[in-house]
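Asks: okay, here's the prediction I keep looking at, along with the sequence it came from:
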Amino acid sequence: MSDETPAHLRHELLPILIVPDAKLRQKCRAVGPTDADVVRELAPRMLATMYKAPGIGLAAPQVGSLLRLCVVDIQKDDVLTPMVLVNPEIVAVSKDLHTREEGCLSLPGQYADVTRPAEVKLRWLDLDGTKREMQADGLLATCLQHELDHLDGVLFVDHISALKRNMLLRKLAKDMKLRQREAM
Ligand code: NI
C-alpha cells in the first residue's frame with residue numbers, strides 16, 4: 001500500500017463472512033491470556049476491515065475467529081474513536097427501548113428496524129488487559145448490542161418477525177447469487 005494510505009487502514013484486510021456461513025451462528029469463547037498475540041494481530045486488521053467496508057462495528061466471528069472480541073467506532077462527526085472490546089459484557093440495560101434501522105456487514109444490503117434497550121452499561125478489557133466500563137446510549141448503544149450479539153451467534157434478523165426475516169434472507173440469497181454471476 002502507498003504511504004498516502006491513512007494509518008488506520010494500513011493493515012491487511014480480512015474477508016468478511018456472509019450469511020449463511022456456519023461460523024456466524026456459533027457461540028464464541030472468552031479470550032484468555034494465551035490469545036494475547038492473536039488478538040493483538042487481529043484487532044487492527046478488524047478495525048481496518050471495518051473502516052474500509054465501511055461499517056461502524058465488526059465482531060471476530062464475522063472474520064472467522066470464534067473469540068469474544070469486537071471492534072466498534074460510530075465515527076461521530078467523522079472523528080475516529082476506535083474501540084477494541086475484549087470479552088465485552090452488557091451488565092445493565094435500560095427499561096426504555098429504542099427502535100433503529102440496522103444493517104450488518106455479514107448481510108450486505110439488508111436493513112430492518114430493530115428494537116433494543118436504549119441504554120446499556122458495558123464492561124470489557126482493552127488491548128492492554130485493562131478493565132473498562134462505560135454507559136452508552138443512542139447509536140453507540142445499538143451498535144454495541146448488535147456486535148455483542150454476534151459473539152453468541154445472534155444476528156439482527158433474529159430480533160425481527162419470522163416473516164420479515166425470511167423475506168430478508170431470501171433477498172440476500174438472491175442478491176449474492178446475482179453478485180456471483182456478475183463476478184464470473
Ligand atoms: Ni453485524
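Replies: Everything's here; your move. Numbers count the residues shown, from 1 in each chain.
Asks: switch to C-alpha atoms for all contacts and neighbour counts from now on
Replies: Will do.
Asks: where does M1 land on pLDDT?
Replies: For M1, the pLDDT comes out at 50.
Asks: burial count for P6?
Replies: P6 has 9 neighbouring residues, counting by other CA atoms under 10 Å.
Asks: show me where the protein has strands.
Replies: With DSSP state E as the criterion, the chain has strands at 57-59, 69-72, 83-93, 97-102, 112-117, 120-125, 131-136.
Asks: okay, those strands, which one's buried deepest?
Replies: Stretch with highest mean neighbour count among these: strand 57-59 (a mean of 29; mean count of other CA atoms under 10 Å).
Asks: show me what that strand is packed against.
Replies: Using 3 or more CA pairs under 8 Å, 6 or more residues apart in numbering; DSSP states H and E, the elements in contact with strand 57-59 are helix 36-52, strand 69-72, helix 138-150.
Asks: change it to 10 Å
Replies: Under the contact criterion of 3 or more CA pairs under 10 Å, 6 or more residues apart in numbering; DSSP states H and E, strand 57-59 touches helix 36-52, strand 69-72, strand 83-93, helix 138-150.
Asks: convert the third one to PDB, retaining C-alpha atoms only.
Replies: This points to strand 83-93. This file holds the C-alpha atoms of strand 83-93, laid out as PDB (Å, rounded to 0.1, in the frame of the first residue of the first chain):
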ATOM      1  CA  MET A  83     -12.700   0.800  20.400                       C
ATOM      2  CA  VAL A  84     -11.400  -2.700  20.800                       C
ATOM      3  CA  LEU A  85     -13.600  -4.800  23.100                       C
ATOM      4  CA  VAL A  86     -12.100  -8.000  24.600                       C
ATOM      5  CA  ASN A  87     -14.600 -10.200  26.400                       C
ATOM      6  CA  PRO A  88     -17.300  -7.500  26.500                       C
ATOM      7  CA  GLU A  89     -20.300  -7.900  28.700                       C
ATOM      8  CA  ILE A  90     -23.500  -5.900  29.000                       C
ATOM      9  CA  VAL A  91     -24.100  -5.600  32.700                       C
ATOM     10  CA  ALA A  92     -27.200  -3.400  32.700                       C
ATOM     11  CA  VAL A  93     -29.800  -2.300  30.300                       C
END
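Asks: so how far is D77 from the most centrally placed residue in the chain?
Replies: Nearest residue to the geometric centre of the chain (CA atoms, centre = their mean): L58, 2.8 Å. Taking CA to CA, to the nearest Å as the measure, L58 falls 20 Å from D77.
Asks: cool, R179 as well?
Replies: For R179, the distance to D77 equals 32 Å [CA to CA].
Asks: again with A60
Replies: From A60 to D77 the distance is 26 Å (CA to CA).
Asks: more crowded one of those two?
Replies: A side-by-side neighbour count of A60 and D77, using other CA under 10 Å, places A60 first with 24 against 6.
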